[in-house]
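In: Sequence first, then the predicted structure, then my questions.
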Amino acid sequence: MSRTVVVLPGDGIGPEVTAQAIRVLEAVAAKLDLALELLEAPIGGAAFDAVGRPLPDDTLA
């Protein structure tokens, strides 16, 4: 079984917290023999700095 997970680290402490959450997801997925596809997308201040909008259309797609 395979699942797609969208990862939205944002800014501030978001990237640090998200990195640890990904570690947990990957450990659980390994135990359950589950394939995960992690798709990272920009949101918040990081997105605003990159594209001038806090919630880009690509993030919603």
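Out: Done, it's in.
In: Show me what stretch 17-25 is in contact with.
Out: With contact meaning Cβ atoms under 8 Å, 6 or more residues apart in numbering, stretch 17-25 is reached by 5, 7, 8, 9, 10, 36, 38. C-betas here are computed from N, CA, C, even on glycine.
In: Looking at these, state which has the most neighbours.
Out: The most crowded member of these is residue 9, carrying 20 neighbours; neighbours defined as other Cβ atoms under 10 Å.
In: Tell me the predicted confidence for that residue.
Out: pLDDT recorded at residue 9 is 95.
In: same thing with the one 3 residues further on?
Out: At residue 12 the predicted local distance difference test score is 91.
In: For it, what are phi and psi?
Out: Note on residue 12: backbone dihedrals following degrees, to the nearest 10 are phi 70, psi -130.
In: Could you tell me how far residue 31 is located from residue 24?
Out: For residue 31, the distance to residue 24 equals 11 Å [Cβ to Cβ, to the nearest Å].
In: for residue 16, same thing?
Out: Note on residue 16: its distance to residue 24, by Cβ to Cβ, is 14 Å.
In: Which helix or strand lies directly C-terminal to the longest helix seen in the chain?
Out: Ordering each helix of the chain by length in residues (DSSP state H) puts helix 14-31 first. With elements assigned by DSSP states H and E, the helix or strand that comes after helix 14-31 is strand 35-40.
In: What helices and strands are in contact with that next one?
Out: strand 2-7, helix 14-31 (3 or more Cβ pairs under 8 Å, 6 or more residues apart in numbering; DSSP states H and E).
In: that older thread, for the longest helix of the chain, list every residue counted as buried.
Out: Using 16 or more other Cβ atoms under 10 Å as the burial criterion, the residues of helix 14-31 that qualify are 22, 25, 29.
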